[in-house]
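Visitor: could you look at this predicted model? Sequence included:
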Amino acid sequence: MTSSTLTSLAMLKVHVDQGHDYLDYLRPFILQVLVDHQINPVTDAVVKDWIRSDFGMEIPARAIQVVLKRLSRNHPIEKKDGVYQVTGTLADPRIGAEKASAERHINAVLTGLRVFSKTTAKPITTDDEADVAVRAFLSQFDIQCLRAYLRGTAIPDIEGHHNAQIVLVSKYVLDLQKSDPERFDSFLIVVQGHMLANALLCPDLQSLPKTYDGVTFYLDTPLLVRLLGLEGEAKKDSISDLIELLISLGGRVGAFEHSRNELESVIKGAASHIESFRGRGAIVAEARQRGTTKSDMLMLAGQVDEKLSESKVNVIPTPRYVANFQIDETAFSKTLDGELQYSNPYAKDYDINSVRSIYVLRAHSSPQNVEKCKAVVVTCNTAFARAAFRYGDKHQESREVSTVITDFSLANMAWLKAPMGAPSIPMREVLAFSYAALQPSQAIWDKYLSEVEKLERQKTITARDLQLLRSSQLAQEELMSLTLGEEESLSEQTITAVLDRVTGEIKREENDKLSAEKRAHNQTQEKLVAERNEKLLIQQRIYWRSDRTAGRVAWSFSIGVVVVLAVGVAASLGFKFENQLLQWAIPSILSILFIFTLGGLIWGSTIKGFHQSLHDRCRRWLIQRESAALGIHIVGIEK
């Protein structure tokens with residue numbers, strides 16, 4: 001039996017349709033609640049409670065109010081004395097079939113997780129436990145530090161601490177990606193549904209601009225590190241895809257000069273620790289795994305500007321200090337101290353410099369949304385984003401849109417503007433998070449090093465074993481498998497088990513090098529990954545090509561309509577036209593003007609709305625035509 005939350009998230013994915021905005025995904029759920037429970041009068045509070053009960057989603061009352069208003073336009077629902085009343089028989093949306101399909105996806109994911117967990121320190125024995133673990137994992141993909149989003153996630157609160165379960169699901173996700181593409185796709189359906197559910201946390205995203213014209217997104221140093229591939233391909237792909245999407249949506253991506261300088265220092269610092277047994281962290285681990293040498297890293301440090309330019313990131317001079325826009329750096333420093341600990345004090349100074357630079361660039365403006373904020377820092381450090389939000393909450397100019405947002409928050413919002421234009425974003429975000437979750441914390445790694453050194457002094461393990469346990473990336477992976485990131489699970493027996501697994505795996509790898517069957521299997525897996533990526537890339541190209549063509553068509557029609565309306569207004573004011581054709585057409589033009597005016601009064605129709613509707617419909621038709629011609633099935637354009 002699956003949880004209603006996960007099933008509902010998978011059902012949301014089914015309702016992706018480029019012709020509608022995000023709150024329309026909520027329509028069938030609300031209609032089903034009204035039909036099943038015969039609610040009358042209809043209040044947002046009652047509907048909210050039933051959606052939570054029946055579908056396991058926490059949706060803000062404001063979002064429900066907006067959907068009820070829309071439903072009243074074409075359903076027997078009327079607002080009387082400020083309260084909605086059902087005045088007739090509502091058609092049953094019958095979402096049972098979709099629910100059954102969604103449950104099949106979820107059951108496959110949960111069953112697989114239970115089986116996979118048997119190889120870890122904490123096996124999962126029931127579907128309920130598996131459900132809690134997956135929901136805990138999904139809750140990490142929330143929208144942080146944006147006041148417009150009333151909650152961080154649409155998933156109801158989960159009691160207790162679930163760090164070990166998050167690590168377990170992360171390992172499971174990476175295993176699915178390598179060994180079970182079909183079940184991995186089922187998991188991604190739930191993730192995409194969650195990203196769509198995040199949109200429901202907004203009162204109405206449809207009113208926001210469709211692009212990021214005029215906005216510059218400044219990547220902080222940790223994201224620049226990821227962009228250069230220093231923490232692995234998964235994290236690099238995640239930020240690279242986000243950059244491509246932001247640029248496609250009209251945004252500009254940059255980095256402050258001080259962040260560029262910090263990046264160079266970080267690379268040089270990592271280079272000096274690669275050969276040290278005390279060297280740790282994602283950069284050092286990745287370098288060792290790839291066989292990157294100290295000289296390779298130093299060479300890369302000298303190529304920072306070239307690499308950033310190739311990645312479409314502009315290095316922009318840090319704004320000078322301006323007294324009128326200066327923040328209280330002492331106060332912000334204390335706010336940072338309350339949220340995170342810096343191992344390097346210079347990193348804190350760089351973060352403060354980034355935040356105060358955004359205040360200078362915004363110059364006392366008070367943007368109401370990211371699309372109009374001029375400039376914002378993007379980070380993968382949730383604590384940094386939270387600290388900037390807490391400080392900015394006291395200042396009018398950053399109260400609505402924080403100076404710092406997380407990369408996932410931005411990826412989620414940007415993806416919602418064009419889900420089919422960036423189909424790889426959900427997958428990239430999940431993989432990047434999963435790899436990050438499998439990095440041992442500083443505390444458990446220090447304790448681990450202390451224990452292995454003690455065992456070597458006691459002659460329990462050899463000097464070669466010590467070297468292997470300290471420097472092998474495989475040792476880190478096995479440590480996380482056996483402890484799931486929990487310090488209390490680390491013991492002498494754990495370390496012995498890590499050593500046995502590492503040495504055993506090394507022997508297997510040596511044997512596998514001679515195995516033709518193993519090589520064939522690896523080639524098959526690589527081919528499947530390449531085919532998946534190629535399909536996503538083709539889908540992305542089809543979307544943006546169709547979007548550009550649809551835009552030209554919509555602008556041509558819109559300009560024509562404006563010209564016709566202008567002639568109609570001039571004629572209604574008594575202006576005389578000498579052209580015979582125009583004189584003949586004036587009655588028709590006046591009729592069109594009357595229809596537009598009447599439509600505006602009754603339905604709120606505008607030329608802008610007509611333009612957007614034409615753009616969306618034309619784009620969908622073009623996508624359908626081109627995808628059919630290429631024999632590609634793209635979900636979400638059938639309606």
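Guide: All right, it came through fine. Residues are numbered from 1 along each chain as shown.
Visitor: what's around L263, how many residues?
Guide: Applying other Cβ atoms under 10 Å, we find 27 residues neighbouring L263. Every residue, glycine included, has its C-beta placed from N, CA and C.
Visitor: and what of the one 10 residues further on?
Guide: Using other Cβ under 10 Å, the number of residues around H273 comes to 17.
Visitor: from V284, how far off is it?
Guide: 6 Å (Cβ to Cβ, to the nearest Å).
Visitor: how about I425?
Guide: Distance of I425 to V284, given as Cβ to Cβ: 29 Å.
Visitor: what's the answer for I39, then?
Guide: Going from I39 to V284 by Cβ to Cβ gives 58 Å.
Visitor: who has more neighbours out of those two?
Guide: Ranked by neighbour count (other Cβ under 10 Å), I39 and V284 place V284 first, with 23 against 16.
Visitor: nearest residue to F187 in space, please, no chain neighbours.
Guide: V109 (5.2 Å; Cβ to Cβ, 6 or more residues apart in numbering).
Visitor: then E477?
Guide: L438 (6.7 Å).
Visitor: quick one, phi psi at that neighbour?
Guide: Dihedral pair for L438: phi -90, psi 10, per degrees, to the nearest 10.
Visitor: show me the contacts for it.
Guide: 167, 170-171, 174, 476-477, 480 (Cβ atoms under 8 Å, 6 or more residues apart in numbering).
Visitor: tell me the pLDDT at it?
Guide: pLDDT for L438: 79.
Visitor: likewise L601?
Guide: With respect to pLDDT, L601 scores 53.
Visitor: any idea how far whichever strand or helix holds L336 is from the middle of the chain?
Guide: Secondary structure assignment for L336, by DSSP states H and E: helix 329-339. Centre-to-centre, helix 329-339 and its host chain are 27 Å apart (Cα atoms, centre = their mean, to the nearest Å).
Visitor: so what's the closest residue to A133 other than its chain neighbours up against?
Guide: Excluding the flanking residues, the one nearest A133 by Cβ to Cβ, 6+ apart is Q165, at 3.8 Å. By Cβ under 8 Å, 6+ apart, the residues touching Q165 are 122, 132-133, 136-137, 484.
Visitor: next SSE downstream of whichever strand or helix holds Q165?
Guide: Using DSSP H and E, Q165 sits within helix 163-179. Downstream of helix 163-179, the first helix or strand assigned by DSSP H and E is helix 181-199.
Visitor: how much does that next one deviate in direction from helix 163-179?
Guide: 130 degrees (axes from the mean of the first three to the mean of the last three Cα atoms, to 10 degrees).
Visitor: who are the packing partners of helix 181-199?
Guide: Secondary-structure packing of helix 181-199 (3 or more Cβ pairs under 8 Å, 6 or more residues apart in numbering; DSSP states H and E): helix 4-14, helix 96-117, helix 127-138, helix 163-179, helix 407-417, helix 425-437.
Visitor: which SSE is the residue nearest to A436 when sequence neighbours are not counted in?
Guide: The shortest distance from A436 to any non-neighbouring residue, by Cβ to Cβ, 6+ apart, is to K235 (7.1 Å). Using DSSP H and E, K235 maps to helix 233-248.
Visitor: got the angle for the helix or strand that that helix is followed by vs helix 233-248?
Guide: Of the helices and strands lying after helix 233-248 in sequence (DSSP H and E), the nearest is strand 252-256. If you take the same axes, to 10 degrees, strand 252-256 sits at 120 degrees to helix 233-248.
Visitor: how about the CA coordinates for strand 252-256, as PDB?
Guide: Only the C-alpha atoms of strand 252-256 are listed here, as PDB (Å, rounded to 0.1, in the frame of the first residue of the first chain):
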ATOM      1  CA  ARG A 252      22.500  36.300 -17.700                       C
ATOM      2  CA  VAL A 253      24.900  34.200 -15.600                       C
ATOM      3  CA  GLY A 254      28.000  35.600 -14.000                       C
ATOM      4  CA  ALA A 255      30.400  35.500 -11.000                       C
ATOM      5  CA  PHE A 256      31.800  38.400  -9.000                       C
END
